[in-house]
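Engineer: Show me how the following folds:
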Amino acid sequence: QVQLVESGGGLVQAGGSLRLSCVASGRTFSRRAMGWFRQAPGKEREFVAGIDYSGGSTAYADSVKGRFTISRDNAKNTVYLQMNSLKPEDTAVYYCAARRFGGLSYEYDYWGQGTQVTVSS
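Structural biologist: Just a heads-up that it's a prediction; the model follows:
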């Protein structure tokens, strides 16, 4: 079992930046692909970004390409989501997710509790 704890959410004005962090428990972090998802009120949860076990491959939703960057520090069991040029439509609860395996995917096995990001216009 993997426990994931997100932090870094908050209220920011449009055009601003936030960095989300997610710390994972256990000693298998470096073998797992990680991802970020978000869910806005009244909408389904959607994929935002993913990173493979080594950090060598990443994937992004079209809506965040060029604005968001996913990265990881395997020594700290932590994955990050740097969010720049934020828009009101980025407002959502952001969830960290982990896979059992190391390759990129849209399917994940473990989930954090989420952190709220609110972008004001």
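Engineer: So the most centrally placed residue in the chain: helix, strand or coil?
Structural biologist: Nearest to the mean C-alpha position of the chain, by CA atoms, centre = their mean, lies residue 36 at 2.6 Å. Put simply, residue 36 is strand when judged by DSSP: H, G, I helix; E, B strand; the rest coil.
Engineer: give me every residue that touches it.
Structural biologist: Contact analysis of residue 36 by CB atoms under 8 Å, 6 or more residues apart in numbering lists 20, 22, 48, 49, 50, 70, 79, 81, 94, 95, 96, 97. Every residue, glycine included, has its C-beta placed from N, CA and C.
Engineer: can you check residue 1 too?
Structural biologist: When contacts are counted by CB under 8 Å, 6+ apart, residue 1 touches 26, 110.
Engineer: Tabulate the contacts of residue 36 (a markdown table), appending secondary structure.
Structural biologist: As requested, these are exported to a markdown table (three-state DSSP):
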| residue | secondary structure |
| --- | --- |
| 20 | strand |
| 22 | strand |
| 48 | strand |
| 49 | strand |
| 50 | strand |
| 70 | strand |
| 79 | strand |
| 81 | strand |
| 94 | strand |
| 95 | strand |
| 96 | strand |
| 97 | strand |
